[in-house]
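Novice: When you get a sec, could you give me coordinates for this:
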Amino acid sequence: MKAKYLGALVAVGMICGSSQANAAGCGSMTIASMNWQSAELESAVDKIILSEGYDCQVNTVVGDTVPTITSMVNKGKPDVVSEGAIDLLPTIVKQGIDDKKVVMGAKTIQEGAVMGFFIPKYVADAHPEIKTFQDALKHPEIFKDPEDPSKGAIYNGPQGWGMTVNAAQLYKAYNASQAGFKLIDTGSAAGLDGSIAKAYEHKQPWLGIYWSPTSLLGKYKMVRLDVNTPVNQAEWKRCTTVANCPDPKPTGWPVGRLYTLMSKSFAASASPDVLKYLDTRTFTTAELEKVMLWMTDNQATGEDGAKRFLKEDEAVWTKWVTPAAAAKIKASL
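Specialist: Numbers count the residues shown, from 1 in each chain. All right, here's what the predicted structure looks like:
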């Protein structure tokens, strides 16, 4: 599949290089700003660089992984997804690549996303017998549902997240309901974060899904539980990523690959310099978490974080852009 991704990218790059050699910028375009911190920051960086450095007319649209990538494949919009979690929707992404509707750019985060079930470190220290997700499922009395103490609680993400689908399917695959657990819909990214913060404030047990890189895991020490099951990529694609799949089987969590995604129509019309930027721009986990922790501490927006990153990490981002674009971006700051 990777070869197909790269092949599609090279093919579109060749087309753009020949037909758009004299094009400037990328005209009017849309970038998806996902509703979690890293993606909000990345899309804000892209917006500033593309608008100030390459004269693009950038509009941001709020989205989530599943509807946004599905819309790009089916409708050709938005034009750019700054953080595309391709392993959460492998079938849809492959369809987009095969149908020549989606083009992959650079890795958004070099190390990828680490997802899974987490518990607070103070719970892991107090209960050394809990090392795996299966161990946790033996103890609903520890992870009590605050609204129904007779049940255990597993906190899930909001609807629209690919990871929310994964957790719901693994909840079924590992028979968590039969073990006495309820799956809690936290309603939003803020709701999920708030449930962890509240547990930490009162030093209460907590069990649920989360991921890195995030500022929250930099602030609250959490322990990722192994599921003691190898990653089964075929099962992950067949059922773990499909919300209505009726018979999910146990599998481990793969490290999520995060890529910049572009619609074919955008890639075919943007200038070579813009395409080169989107095929070069990549962050490390450390670079992102430094800015995200500042954003959290200062209740700052993604735009605030992007400006701070561009001012403080010039040595990083100037490698992604042309000298002329770099000069214009610096002047705008």
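Novice: The stretch 1-150 of the chain: strands as residue ranges?
Specialist: 28-34, 57-63, 80-85, 102-107, 114-120, 144-145, 148-156 (DSSP state E, counting those that start in this stretch).
Novice: ranking those strands by burial, who's on top?
Specialist: Most buried of these, by mean neighbour count (mean count of other CB atoms under 10 Å): strand 80-85, with a mean of 28. In short, each C-beta sits where N, CA and C put it, glycine included.
Novice: for it, packing partners?
Specialist: Counting contacts by 3 or more CB pairs under 8 Å, 6 or more residues apart in numbering; DSSP states H and E, strand 80-85 is packed against strand 28-34, helix 37-48, helix 65-75, strand 258-263.
Novice: ok, how many other residues are close to residue 235?
Specialist: Using other CB atoms under 10 Å, residue 235 has 19 neighbouring residues.
Novice: ugh, wrong one, residue 65
Specialist: Under the neighbour criterion other CB under 10 Å, residue 65 is assigned a count of 25.
Novice: ok, now residue 142?
Specialist: 15.
Novice: Repeat that for residue 264.
Specialist: 19.
Novice: what sits against it?
Specialist: Contact partners of residue 264, counting by CB atoms under 8 Å, 6 or more residues apart in numbering, are 12, 76, 100, 101, 102, 103.
Novice: Tabulate those in CSV, adding columns for pLDDT.
Specialist: Output for the contacts of residue 264, formatted as CSV (pLDDT from 0 to 100):
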residue, pLDDT
12, 41
76, 94
100, 92
101, 94
102, 96
103, 96
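Novice: nearest to residue 141, of the residues you listed?
Specialist: residue 102 (46.7 Å; CB to CB).
Novice: what's the closest non-adjacent residue to that closest one?
Specialist: Sequence neighbours aside, residue 96 is the residue nearest to residue 102 in space, at 3.3 Å (criterion: CB to CB, 6 or more residues apart in numbering).
Novice: just residue 107 next, same as before
Specialist: Counting by CB to CB, 6+ apart, residue 282 is the residue found nearest to residue 107 once chain neighbours are left out, at 5.1 Å.
Novice: out of the helices and strands packed on strand 80-85, which comes closest to residue 248?
Specialist: Per CB to CB, nearest to residue 248 of the helices and strands packed on strand 80-85: helix 65-75, 16.6 Å.
Novice: Show me what the closest one is packed against.
Specialist: Using 3+ CB pairs under 8 Å, 6+ apart, helix 65-75 is in contact with strand 28-34, strand 80-85, helix 90-98, helix 162-173, strand 258-263.
Novice: Can you tell me which of the contacts of residue 264 lies closest to residue 204?
Specialist: residue 102 (42.8 Å).
Novice: my read: the closest one touches residue 259, true?
Specialist: No - counting by CB atoms under 8 Å, residue 102 sits too far from residue 259 to count as a contact (10.0 Å).
Novice: For the residue nearest to residue 107, grab the count of nearby residues.
Specialist: Neighbour tally, residue 282, other CB under 10 Å: 18.
Novice: next one: the one 10 residues further on
Specialist: By the measure other CB under 10 Å, the count of residues near residue 292 is 26.
Novice: list the contacts for it?
Specialist: So residue 292 contacts 37, 38, 41, 213, 214, 215, 218, 305 (CB under 8 Å, 6+ apart).
Novice: likewise residue 277?
Specialist: Applying CB under 8 Å, 6+ apart, the residues near residue 277 are 49, 50, 53, 54, 320, 321, 325.
Novice: what number of residues lie near the residue nearest to residue 102?
Specialist: Neighbours around residue 96, by other CB under 10 Å: 25.
Novice: Residue 309: which element?
Specialist: Assessed by DSSP states H and E, residue 309 sits inside helix 302-312.
Novice: Packing partners of that helix?
Specialist: helix 37-48, helix 285-297, helix 314-317.
Novice: Please name whichever of those helices is nearest to residue 172.
Specialist: Distance to residue 172, taken as CB to CB, is lowest for helix 37-48 among these, at 27.3 Å.
Novice: now the helix or strand that the closest one is followed by, how far from the centre of its chain.
Specialist: Once helix 37-48 ends, the next helix or strand along the chain (criterion: DSSP H and E) is helix 54. Distance of helix 54 from the chain centroid (CA atoms, centre = their mean, to the nearest Å) equals 26 Å.
Novice: which helices and strands does helix 54 pack with?
Specialist: Counting contacts by 3+ CB pairs under 8 Å, 6+ apart, helix 54 packs against helix 272-278.
Novice: Return the set of buried residues in the helix it packs on.
Specialist: Buried residues in helix 272-278, counted by 16 or more other CB atoms under 10 Å: 273, 274, 275, 276, 277, 278.
Novice: And for stretch 317-330?
Specialist: If you call a residue buried by 16+ other CB under 10 Å, then stretch 317-330 has these buried ones: 317, 318, 320, 321, 325, 326, 328, 329.
Novice: Next up, the contacts around the last one.
Specialist: Just to be clear, that refers to residue 329. Listed by CB under 8 Å, 6+ apart, the contact set of residue 329 reads 48, 49, 52, 53, 310, 317, 321.
Novice: Between these, identify the one with the most neighbours.
Specialist: residue 49 (26 neighbours).
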